[in-house]
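Engineer: predicted model and sequence follow; I will ask about them next.
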Amino acid sequence: MKIIEYYNCKEQEYWLNEIRKSDWRAAQHLYDHIKNNELKTLCGENTKVLLLTEEDHLISFCTYAGQDEIRNTSLTPWVGYVYTFPAYRGRRCIGKLLEYAYQSAKEEGFEYMYISSDEEGLYEKYGYQFYQTMKNHHGEDTSVFRMKIERKDYRDILGKEVIGTIDRPIGSVHPKYPDIIYPVNYGYVDGVIANDGEQQDVYVFGTDQPLKTFHGNVIAVYHRINDSEDKWIVSINGTKPSKEEILETISFQEQYFMGELYEKTE
């Protein structure tokens, strides 16, 4: 899957027509606003239309903008027009776009980002919390949810020497989800309790062989934005895979969460 920013892509007409195929009335409004060059006037010049794609298929989309249906407010930025096509629902695809928007908001220095929605129990799965009821531009009440932008400090963990136990070696099957097979050794650090009250989980890099125990150094921390757990990334042979390699390797499990990788800065 790949995320495309509509205003920066070359095939705008194609993707705009894909948005039009949505069965959601609000998406038709989005289509019209883009088609008529109105969206940035309504929502701000820096508005992004985020498209989650797979080859030439549009899976999900949303906007990331300075304003949404709540007008004349200092609250910003907003995620809006959130939609996933029926064939892809139930796979938390929209989480990938919300994660992308989160990183944009973080890079731009915001403390929170916001969503206006009448859906209950949906955005809470992605780390949002109810903020307050506000009036939209039609004068109707709508629920506003917000998500805090976190800036973690793992300096006391990165580089740390650790030993531990592997309870799910390479090639093993997840105890609850038989479709998940571990491409990397997964276990826990002996004697360290994580935020969820359980032993600290680790992904262990540096070998393609199944292990029973490990001894290495923490080279990164994967922080789950919408969950209480952090995953430590440990190297047992002194090498440091690239950020892209780490994320690709652990995506078999972390694709079901929103998260970000923290690495040691020189």
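Structural biologist: It's in.

Engineer: can you list the domain ranges for the chain.
Structural biologist: 2-148, 161-263 (automatic domain parsing).

Engineer: nearest to residue 155, of these?
Structural biologist: domain 161-263 (9.6 Å; Cβ to Cβ). C-beta: built from backbone N, CA, C; applies to glycine.

Engineer: so for that closest one, mean pLDDT?
Structural biologist: With pLDDT averaged residue by residue, domain 161-263 scores 93.

Engineer: and that domain, how far apart are its ends?
Structural biologist: In domain 161-263, first residue to last residue: 15 Å (Cα to Cα, to the nearest Å).

Engineer: also stretch 251-263?
Structural biologist: 17 Å.

Engineer: only the buried residues of it, if you could.
Structural biologist: 252, 253, 254, 256, 257, 258, 259, 260, 261, 262 (16 or more other Cβ atoms under 10 Å).

Engineer: turn the domains of the chain into TSV, including distance to residue 154.
Structural biologist: As requested, these are exported to TSV (distance: least, Cβ to Cβ, whole Å):
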stretch	distance to residue 154
domain 2-148	15
domain 161-263	5
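
Engineer: which residues of the stretch 1-150 of the chain score low on pLDDT?
Structural biologist: Across the stretch 1-150 of the chain, nothing is flagged by pLDDT under 70.

Engineer: strands of the stretch 1-150 of the chain, start to end?
Structural biologist: 2-5, 48-54, 57-65, 78-84, 112-117, 129-135, 141-148 (DSSP state E, counting those that start in this stretch).

Engineer: ok, the first one: who's next to it in the sheet?
Structural biologist: Within its sheet, strand 2-5 is paired with strand 48-54 (antiparallel), according to DSSP bridges.

Engineer: what's next to the partner strand, contact-wise?
Structural biologist: 1-7, 9, 15, 18, 30, 34, 39, 58-65, 93-94, 96-97, 100-101, 104 (Cβ atoms under 8 Å, 6 or more residues apart in numbering).
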